[in-house]
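only geometry, no sequence info:
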Ligand code: MG
């Protein structure tokens, strides 16, 4: 069994985040926010999550080293932040020099070099590359090419290339430190001949590089659309769901307020407000989904809340509070519980009224009644209750 599979760290990593983002329309892709922190933080954590990885050196532009090193988003797994050079190779060499300074005797240790813009690499792939380096000296992950490949020139297809021997190279790419240093004595990092990856310079020195299967998900963020894809995968929007419950006894007088409509002739529900249990349950569900507490805390049943206040006004205020923190209602499902009055003919009107108050299409609201086999005060016709589930979305 290779050492990495035992969970023992067998490799160090250099994460390169020094390049400009030419194709990102001016966005610095490694600092682009994903789920509230820079893309680079995700990449670092993905690499450090492999039990095969020990030290993690991040290489960035010299003017950014101090800011990165003290940034609150920098994962604690980072051993050092180092200034890179003018080219990718010079930056990688700077990272490897840092490892040499930290571990002068570790010349046989595998070094993994990873793109700062590849945050979706799995810990399993990182471990597999480290183990392949420990076994073979140098290794890279590759993906077979799915599309038919054409050689084109001046807008014309010149020929179809046999893709069976072609593969796309990913990172992390790894080699024992001494092999990288050996290659750089032949092709200095700041020399004339530049290579697009570590494997290429090893190949040029006829150092064998082992290929292992890469991962389709391990994409390199290059275009703004890639950033969107990575964001959806790493930090999917959290489902915001809330639950609400309310119950009021019947009181004196008629003209029941329920679900935002008035049912003339039916007894009113008693309460500090107009007693609309359905709207109160919806309001509580919305507040719960937003993490904003509950209706009772927002509108206490005392002098701070006007007696007989319309529940529509309370619900409008709740929707405004959601808007203030960037949320809005997406849907609501309400069940009204009680043996009287008959609600069947009024359910659609309540649905429409609630949808208007929430500023959502009528189809996003459902109102139903539970009238049979009820126990307690609801079953005895002394009170009505309502329960609601609501979901929110970004405003
Ligand atoms: Mg209430």
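Yep, it's here. What you are looking at is a predicted structure, and each value in this text was computed from that prediction instead of being measured.

From now on I want contacts and neighbour counts done on CA atoms only, so please keep to that.
Will do.

can you pull out the strands in the stretch 1-150 of the chain?
11-17, 33-34, 37-38, 53-60, 80-83, 110-115, 138-144, 149-153 (DSSP state E, counting those that start in this stretch).

closest to residue 331 out of the ones you listed?
strand 33-34 (26.6 Å; Cα to Cα).

Give me the domain ranges for the chain.
The record assigns the chain these domain ranges, following automatic domain parsing: 3-232, 239-394.

Which among the strands of the stretch 1-150 of the chain is found nearest to residue 354?
Shortest distance between residue 354 and the strands of the stretch 1-150 of the chain, using Cα to Cα, is found for strand 33-34: 35.1 Å.

Strand partners (parallel or antiparallel) of the closest one?
Strand 33-34 sits in its sheet next to strand 37-38 (antiparallel), going by DSSP bridges.

So what touches the partner strand?
When contacts are defined by Cα atoms under 8 Å, 6 or more residues apart in numbering, strand 37-38 is touched by residues 30, 31, 32, 73.

want to try CSV for those residues, with distance to residue 122 and neighbour count as columns?
As requested, the contacts of strand 37-38 are exported to CSV (distance: Cα to Cα, whole Å; neighbours: other Cα atoms under 10 Å):
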residue, distance to residue 122, neighbour count
30, 18, 26
31, 20, 15
32, 20, 17
73, 20, 14
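
Closest to residue 236 out of the residues you listed?
Closest approach between those and residue 236, by Cα to Cα: residue 32, at 15.9 Å.

Return the distance of residue 126 relative to residue 95.
Distance, residue 126 to residue 95, using Cα to Cα, to the nearest Å: 18 Å.

One more: residue 69?
In this view, residue 69 and residue 95 are 14 Å apart by Cα to Cα.

Please say which of these two ends up with more neighbours.
residue 95 (29 against 17; other Cα atoms under 10 Å).

my read: that one touches residue 56, true?
No: between residue 95 and residue 56 there is no contact under Cα atoms under 8 Å: 9.4 Å.

Which residues are in contact with each of these two?
14, 15.

Residue 300 and residue 168: what is the separation?
Separation of residue 300 from residue 168 (Cα to Cα) stands at 64 Å.

again but with residue 87, I slipped
Residue 87 is 22 Å from residue 168, by Cα to Cα.

which one of these two has more residues nearby?
residue 87 (17 against 11).

Quick check: closest non-adjacent residue to the more buried one.
Once flanking residues are discounted, residue 87 sits nearest to residue 190: 7.4 Å by Cα to Cα, 6 or more residues apart in numbering.

so where do the helices sit in the stretch 101-250 of the chain?
All helices of the stretch 101-250 of the chain, identified by DSSP state H, counting those that start in this stretch, fall at 123-136, 177-186, 198-204, 224-234.

Out of the strands of the stretch 1-150 of the chain, the one nearest residue 121 is which?
Closest to residue 121 of the strands of the stretch 1-150 of the chain is strand 110-115 (Cα to Cα; 9.5 Å).

Report the residue spans of the protein with pLDDT below the cut-off.
1-7, 19-27 (pLDDT under 70).

coming back round to it: of all the strands of the stretch 1-150 of the chain, which one comes closest to residue 181?
So among the strands of the stretch 1-150 of the chain, strand 110-115 is nearest, using Cα to Cα, at 11.1 Å.

What is the closest one packed up against?
strand 11-17, helix 123-136, strand 173-176 (3 or more Cα pairs under 8 Å, 6 or more residues apart in numbering; DSSP states H and E).

Now do the longest one: everything it contacts.
By Cα under 8 Å, 6+ apart, the list of residues contacting helix 123-136 from outside reads 2-5, 10-11, 46-53, 109-112, 138-141, 172-176, 209-210, 212, 214-215.

just checking, what's the longest strand in the chain?
Looking only at the chain and at elements set by DSSP state E, the strand with the highest residue count is strand 240-258.

quick one: buried residues of it?
For strand 240-258, the neighbour count (16 or more other Cα atoms under 10 Å) marks 240-250, 256-258 as buried.

same question, stretch 321-336
Quick answer for stretch 321-336 (16+ other Cα under 10 Å): 321, 322, 327, 328, 329, 330, 331, 332, 333, 334, 335, 336.

for stretch 31-46, same thing?
32, 34, 38, 39, 40, 41, 42, 43, 44, 45, 46.

That one: how far from the chain's middle?
Remark: stretch 31-46 is offset 10 Å from the chain centroid, using Cα atoms, centre = their mean, to the nearest Å.

Contacts only, for the residue most central in space within the chain.
Residue closest to the mean C-alpha point of the chain, counted by Cα atoms, centre = their mean, is residue 235 at 0.4 Å. For residue 235, the contacting residues are 34, 35, by Cα under 8 Å, 6+ apart.

Looking at the backbone only, give me phi and psi for it.
Recorded main-chain torsions at residue 235 are phi -140, psi 60, according to degrees, to the nearest 10.

how much space between it and residue 117?
16 Å.

Show me what stretch 335-347 is in contact with.
Applying Cα under 8 Å, 6+ apart, the set of residues contacting stretch 335-347 from outside is 266, 278, 367-372, 374, 378-381, 383-388.

For it, buried residues please.
By neighbour count with 16+ other Cα under 10 Å, stretch 335-347 contains the buried residues 335, 336, 337, 338, 339, 340, 343, 346, 347.

Quick one: distance of it to the chain centre.
42 Å.

Please, where are all the strands along the stretch 201-350 of the chain?
210-213, 240-258, 261-269, 327-337.

Redo those as CSV? Include distance to residue 220.
Below are the strands of the stretch 201-350 of the chain laid out as CSV (distance: least, Cα to Cα, whole Å):
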stretch, distance to residue 220
strand 210-213, 16
strand 240-258, 31
strand 261-269, 55
strand 327-337, 32
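
Would you confirm that residue 378 contacts residue 372?
No: assessed by Cα under 8 Å, residue 378 is found out of contact with residue 372, at 10.1 Å.
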